[in-house]
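A.B. asks: My questions concern the predicted model and sequence given below.
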Amino acid sequence: MPVIETGIGRIDTISWGDGGADLLLLLHASCTGPRAYAGSAERLAAPDRHIVAPAFVGYGATRIDADADRTAQNCRLAQALLDNDRSARRVLFGHSMGGLIALDAACDAAQRDRPVDALILYEPILHGFLDPGDPADADALAWDREIIEPAIADIRAGRPEAGVRRFLEAWNDTKWADLPDRVRQQLVGNADTLVRESESLPGHTLGPDDVRTFDTPTLILWGDRSPAFTRRAAANLASAVPEARAVPLDGAGHMAPLDTPDRVADAIEAFLASLETA
C-alpha cells in the first residue's frame, strides 16, 4: 500500500484513481481496515476523483507519533492527511469509529479556515450526542456498555476470540462461525487494537454545541436495522448540524458500507451531485 509521509509520521494507505482534482478520503470502522472499503471505492471511482483510504493506528504499516489515546492518534492522522493534501475539492467520509474521526477532522478544518467541501457520515460513534437523561438514549448507552465492557474483559483475561466475537456479532449481521478462518484469525490478532479503540472512543465527547455553527455540507446516513446506539446518535447529529441531510436506509445495518456498498455509494453520489447543481 502507498505510504504517505506527514509531519506526524508514516500513514499507510490504499488509493484508487490517477490523482484527479477531487479527493475522497475514506475513514474506516474499528475491526475493518481500509481494504474493506474496496467495494465502495470502486463504485465511487470517477475520472476526476482520487480516493484514499488510510489505515488507522494498529492497522497496516501506519506509524505515527505516540499518544496514549488511540482515538486522539487517529484524529491527528486524519488532520495530517488533510493538511498534506492540495486537491481542489475535498470530501471526507467516515464509517462508525471513522465517522467520529471524520467529524472531528472536519470541525478542526473549519476552525482553521480550510474547511472540507463535504462531509459524509455513516453511523458515527458519537457518545456525546446521546443524552443520558433521555430514556431511549440512556438505553442505547447501556446497550453499548453491555457489549463493550464484557468484550474488553474477555480480551484482557486471555480470551481474545470470545471478546472479539461478542463485539463483532453485536455490530454485524454475520455470525462468527460464518466468517472464513483467515478473517477470524486476523480479527483475533487485532484484539488489542479493538480494546484501545473501544476504551478511548467514549472520552471523545463531540456534542451538539460543537456543531451549532458547522456549515460544511453534510450527509448523515444510517440503517433502520442498526443498533439504537448508532441510529439515535446519527439522528441527533442530523438535528444539531444546520442544513444537514439525513438519509435512513431501509433494510440496512451498521456494516452497510461493506455489506451493500452500492447502496451507500449511490447515496453518496446523489448527495455530491446535488451540491454541484445547488
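C.D. replies: Great, that's in hand.
A.B. asks: what helix or strand is the residue nearest the centre of the chain on?
C.D. replies: Centroid-nearest residue in the chain, with CA atoms, centre = their mean: G98, separated by 1.9 Å. Element membership for G98 (DSSP states H and E) is helix 97-111.
A.B. asks: Name the next helix or strand downstream of that helix, please.
C.D. replies: Proceeding N to C from helix 97-111, the next assigned helix or strand is strand 118-122, under DSSP H and E.
A.B. asks: Please report how far T216 lies from A244.
C.D. replies: The gap separating T216 from A244 is 9 Å, by CB to CB, to the nearest Å. From N, CA and C alone the C-beta is placed, and that goes for glycine too.
A.B. asks: What is the three-state secondary structure of L237?
C.D. replies: Using DSSP: H, G, I helix; E, B strand; the rest coil, the structure places L237 in helix.
A.B. asks: Go ahead and confirm it touches H127.
C.D. replies: No - at 11.7 Å, L237 does not count as touching H127 under the criterion of CB atoms under 8 Å.
A.B. asks: the more surrounded of these two?
C.D. replies: The neighbour comparison of L237 against H127 (other CB atoms under 10 Å) goes to L237, with 26 against 20.
A.B. asks: OK, contacts around D250?
C.D. replies: D224 (CB atoms under 8 Å, 6 or more residues apart in numbering).
A.B. asks: meant to ask about E269, not that
C.D. replies: L44.
A.B. asks: From R35, how far off is it?
C.D. replies: E269 is 22 Å from R35, where distance means CB to CB.
A.B. asks: Now whichever helix or strand D139 is part of: buried residues?
C.D. replies: Element membership of D139 [criterion: DSSP H and E] is helix 135-156. Across helix 135-156, burial judged by 16 or more other CB atoms under 10 Å covers D137, A140, L141, D144, I147, I148, A151, I152, D154, I155.
A.B. asks: now swap in stretch 161-171 and tell me
C.D. replies: Residues A162, G163, V164, R165, R166, F167, L168, A170, W171 are the ones in stretch 161-171 that count as buried (16+ other CB under 10 Å).
A.B. asks: Any stretches of the chain with poor pLDDT?
C.D. replies: 1, 278 (pLDDT under 70).
A.B. asks: where along it do the helices fall?
C.D. replies: 38-44, 70-84, 97-111, 135-156, 160-171, 181-189, 191-200, 228-240, 256-259, 261-277 (DSSP state H).
A.B. asks: For the first one, give me every contacting residue.
C.D. replies: Spelled out, it's helix 38-44. Against helix 38-44 from outside (CB under 8 Å, 6+ apart): 14, 16, 24, 26, 51, 53, 257-258, 261-262, 264-266, 268-269.
A.B. asks: What of the longest one?
C.D. replies: Contacts to helix 135-156, defined as CB under 8 Å, 6+ apart, come from residues 127, 130-132, 160, 162-164, 166-167, 170-171, 191-192, 194-195, 198-199, 227-229, 232-233, 236.
A.B. asks: How much space separates R245 from T174?
C.D. replies: 29 Å.
A.B. asks: How about D117: what's its closest non-neighbour residue?
C.D. replies: R89 (4.6 Å; CB to CB, 6 or more residues apart in numbering).
A.B. asks: hang on, the earlier thing: between the helix holding D139 and helix 191-200, how big is the angle?
C.D. replies: 150 degrees (axes from the mean of the first three to the mean of the last three CA atoms, to 10 degrees).
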